[in-house]
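K.L.:
here is my input, please return the structure:
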Amino acid sequence: MPLYTLGYVYQISDFDTSGSNIAPPNERGAQAQGTPPFDITLNAGATPLRAVIDDDDPNFNETTGSDASQPLAEAITIDGITYPAGSHVVVNYVLTDDNGFEGFSITIGDVNSGNNTTTAFITNQPMVPGQTYTFTSEGNIGGNAGARPYSEFACFTAGTFVDTPDGPRKIDTLIPGDLVSTLENGPQPVRWVGKRTMPGISKMAPITIQAGTLGAHHDLRVSPNHRMLVDDALAQLLTGFDGVLVAAKHLVNDSNIRREECGFVTYVHLMFDQHEIITTQGCRSESYFYDPASQNGLNSEQAQELSILFPDLTAQATQDLRLCYPEAKQYEASVMARAMAA
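P.N.:
Take a look at the predicted model:
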């Protein structure tokens, strides 16, 4: 069955219960115990866990009876209790504040009774530690009628590892001046780091490159127009170049390279003095390339994506505005994509 990741799973012990604050309530009579509003505040320093669900459909629902079609795919330890892979997972109710922020009670390891004990609280955006969320409405999830698509829950590209002279580092921990290993020019200092979190839907849904594809040793998520370096024999035969850049979306084959919608995604880009090829989790791809004056080297879709991601990016006067490799044509990319799926 397909695997789905819940990106923000908070333990009950993560919540402040002083004053008017409460921990996410248990379920009673198929709804949250008590009456809204509920003041729920995450403790300072609390960080979310991730849970992976193995489901036979794309919806997270309040399964009935002993339905085992929505189990954990991996073991997870919550508040000192380890729930093994295969444990049944139920989503009980949803709480909503006046800004539209939502949180969900889940129960792990028990069949659904309508009076479930909340094991953890999940959200489709990160909660801010110390901020009080006043949830003013409550809704029952129920069966299929109230089911929520897993795509509402977040997947992040922040956390991707990039090669540096000191070994792999998480890309979102890098700052200007840090050295990153490049294919053609050795260690180079980062000049600018761009980060943007947005709904991972429609044209901005991330592209997932499966481990074992393009050299990736772990699954890798990139933005749709992020260009990957392809330098195998087929690419050389098709294009006549030693290597070419191909937008990730043009490599989608619905097999080992897929477009996957999610709740929210954080895209992280690094810019250097010139366009470079860097290695992330074994996969080689481009650094950030943008000329705000003329957008040289960018097609209209790439320019649109970059303007959406980083509308306030100012010109970097020292950047050499030349692509480090030629770009493949779309029909060439289509042939490569089909070959990669074979």
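K.L.:
what secondary structure does L237 sit in?
P.N.:
Here L237 is recorded as helix under DSSP: H, G, I helix; E, B strand; the rest coil.
K.L.:
near it, how many other residues are there?
P.N.:
Counted by other C-beta atoms under 10 Å, the residues lying close to L237 total 10. Where you see a C-beta, it was placed from the backbone N, CA and C, and this is true even at glycine.
K.L.:
got a pLDDT number for it?
P.N.:
For L237, the pLDDT comes out at 95.
K.L.:
that one and V244, how far apart?
P.N.:
For L237, the distance to V244 under the criterion C-beta to C-beta, to the nearest Å works out to 11 Å.
K.L.:
any idea how far the closest residue to A248 other than its chain neighbours is from T82?
P.N.:
Sequence neighbours aside, I207 is the residue nearest to A248 in space, at 4.0 Å (criterion: C-beta to C-beta, 6 or more residues apart in numbering). Taking C-beta to C-beta as the measure, I207 and T82 are separated by 34 Å.
K.L.:
for S181, what is the enclosing helix or strand?
P.N.:
Assignment of secondary structure by DSSP states H and E places S181 within strand 179-182.
K.L.:
show me what that strand packs onto, helices and strands only.
P.N.:
strand 186-189, strand 277-280 (3 or more C-beta pairs under 8 Å, 6 or more residues apart in numbering; DSSP states H and E).
K.L.:
nearest to I106, out of these?
P.N.:
With C-beta to C-beta, the closest approach to I106 among those belongs to strand 277-280: 31.7 Å.
K.L.:
and the helix or strand just after that closest one, what's buried?
P.N.:
Proceeding N to C from strand 277-280, the next assigned helix or strand is strand 283-286, under DSSP H and E. Applying a neighbour-count criterion of 16 or more other C-beta atoms under 10 Å, the buried positions in strand 283-286 are C283, R284, S285, E286.
K.L.:
doesn't D254 make contact with the residue nearest to A248?
P.N.:
No: I207 sits out of contact with D254 when judged by C-beta atoms under 8 Å, with a separation of 11.3 Å.
K.L.:
with neighbour numbers in mind, choose between the two.
P.N.:
For I207 versus D254, neighbours defined as other C-beta under 10 Å are more numerous around I207 (23 against 9).
K.L.:
identify the bridge partners of the more buried one.
P.N.:
Partner residues in beta bridges with I207: V222, R259, with DSSP bridges as the criterion.
K.L.:
tell me who's in contact with it.
P.N.:
The contact partners of I207, taken as C-beta atoms under 8 Å, 6 or more residues apart in numbering, are 221-224, 226, 248-249, 251-252, 257-260.
K.L.:
recalculate using a threshold of 6 Å.
P.N.:
By C-beta atoms under 6 Å, 6 or more residues apart in numbering, the contact list for I207 reads V222, P224, A248, K249, R259.
K.L.:
what is the burial count for the nearest residue to the fourth one once chain neighbours are set aside?
P.N.:
On the basis of C-beta to C-beta, 6+ apart, the spatially nearest residue to K249 that is not a chain neighbour turns out to be P224, at 4.0 Å. Around P224 there are 20 other residues, counting by other C-beta under 10 Å.
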